[in-house]
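> pasting the structure only:
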């Protein structure tokens, strides 16, 4: 029951998922639309419980056991709770039951997202450029012909993306574009076939119950 | 210098500097910003899911007495909660099975169509490929490159005969592709960095226009 029921469900829904592509009839298409836009969206929305629940559980455990850096877990939990309250009761644009404005100062969820989440996320990713450059400095050595090609392609790509390159070599941006659209496309497409075949095999294994890793155990 | 008086700009600037402080070394200021990021992002996700998915798709129609069968879907979705009750935690497999099964099933024909057939169509050389001499030449290079790249990943036969130079040519294409992807990714990150520096120097401090 604990194993068989999920496996039967995955087989049935797997067949249902593939059928609308094969049957272009309106009934099949409507069913597909309804299943994607209602059923899957609702079920997937509930899956957020797993993510948020795990984060809260992990950080509560850290606070309880006074693990290393446990003080910061408070910041995470408090910010999560406050943001959720503001968002759930204050509405997306401050149109909910909870007031999200004091005088001219607005603190609705959209403003919090714009001025806190976006700068934090963008800066995190911006900072990666330093680490990538540092990693590249250590890893990119022209040891052999293949490594030199990798180095040259990366160098041309980076230099060709900045306006300064036109002063050095006027055709460099075009060459960078060519590398991206011709040899890069060829390599990506070649690998893409393998990836597509691999994902097909994995999908089939999941539907047929051969791949059972997603069950999270056999109990 | 025209420093901003908007409190939100100040908050953004302080958080930006907090993350950048990691470049010096890991410090409490960075850790606060890092944890704040995770907390706010999750809080926003909860809000988004509630207002943009659950309210319009589930709660509003059911409250109006329409599409009552969605209650059953909500019950299935609520089975995710059982993950935290060890005795019945296996029930979490039911919503996962539905999402996973439908996703896997739907991906099969789409992967065949988009990732194999359409890509093959784009690779095959026809008369229309030679609209210009360059377009034709680049199409031939892409065709050879695709064959060479695939042959590099072909491990069912020993690399000798035609397979040896072909797979080596595949390495050349792969290296060019990886190099280009790396350069492109670095430049995307650099553009984000420029965006953050512009924010600090223009929007916050008003040093540049």
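That came through, no problem. What you see is a predicted model; the values in this text were computed from it and never measured.
> Please name every helix or strand in contact with the top helix by length along chain B.
In chain B, taking DSSP state H as the definition, the longest helix is helix B:163-198. Under the contact criterion of 3 or more Cβ pairs under 8 Å, 6 or more residues apart in numbering or on different chains; DSSP states H and E, helix B:163-198 touches helix A:118-139, helix A:145-160, helix A:172-181, helix A:183-207, helix B:133-152. C-betas here are computed from N, CA, C, even on glycine.
> Show me which residues of stretch B:13-22 are buried.
B:13, B:15-22 (16 or more other Cβ atoms under 10 Å in any protein chain shown).
> Count the residues that sit near the residue lying closest to residue A:79 once chain neighbours are set aside.
Of all residues not flanking residue A:79 in the chain, residue B:39 sits nearest, at 3.1 Å (Cβ to Cβ, 6 or more residues apart in numbering or on different chains). Neighbour count for residue B:39, taken as other Cβ atoms under 10 Å in any protein chain shown: 26.
> Run the chain-centre distance for the helix or strand residue B:39 falls within.
For residue B:39, the element it lies in under DSSP states H and E is helix B:28-48. Mean C-alpha position of helix B:28-48 versus that of the full chain (Cα atoms, centre = their mean, to the nearest Å) differs by 20 Å.
> helices or strands up against it?
Checked by 3+ Cβ pairs under 8 Å, 6+ apart, helix B:28-48 has helix A:48-64, helix A:70-90, helix A:109-112, helix A:118-139, helix B:7-20 packed alongside it.
> Can you list the neighbours in contact with that helix?
For helix B:28-48, the external contacting residues (Cβ atoms under 8 Å, 6 or more residues apart in numbering or on different chains) are A:48, A:51-52, A:55, A:69, A:72-73, A:75-84, A:86-88, A:92, A:109, A:112-113, A:116-117, A:120-121, A:124, B:15, B:18-19, B:21-22.
> Can you say which of those residues are buried?
A:48, A:52, A:55, A:72-73, A:75-77, A:79-80, A:83-84, A:86-88, A:92, A:109, A:112-113, A:116-117, A:120-121, A:124, B:15, B:18-19, B:21-22.
> quick revisit: check the average confidence over the helix holding residue B:39, would you?
Taken as a whole, helix B:28-48 carries a mean pLDDT of 95.
> how far off helix A:70-90 does that helix point, in degrees?
30 degrees (axes from the mean of the first three to the mean of the last three Cα atoms, to 10 degrees).
> Same question for helix B:28-48: list its buried residues.
So, applying 16+ other Cβ under 10 Å, buried residues of helix B:28-48: B:29-48.
> With stretch A:206-215 instead?
A:206-207, A:209, A:211, A:215.
> Contacts only, for residue A:181.
Residue A:181 sits next to residue B:138 when contact means Cβ under 8 Å, 6+ apart.
> if I look at residue A:12, how far off is residue A:30?
From residue A:12 over to residue A:30 the distance is 19 Å, taken as Cβ to Cβ, to the nearest Å.
> Likewise for residue B:101?
20 Å.
> which of these two has more neighbours?
Shown here are residue B:101 and residue A:30; by other Cβ under 10 Å, residue B:101 has more neighbours (26 against 11).
> okay but the more buried one is in contact with residue A:7, surely?
No - proximity of residue B:101 to residue A:7 does not meet the contact threshold set by Cβ atoms under 8 Å, at 9.4 Å.
> what about the residue lying farthest from the centre of chain B, helix or strand, and which?
Residue farthest from the centre of chain B, counting by Cα atoms, centre = their mean, is residue B:161 at 40.1 Å. For residue B:161, there is no host helix or strand (DSSP H and E).
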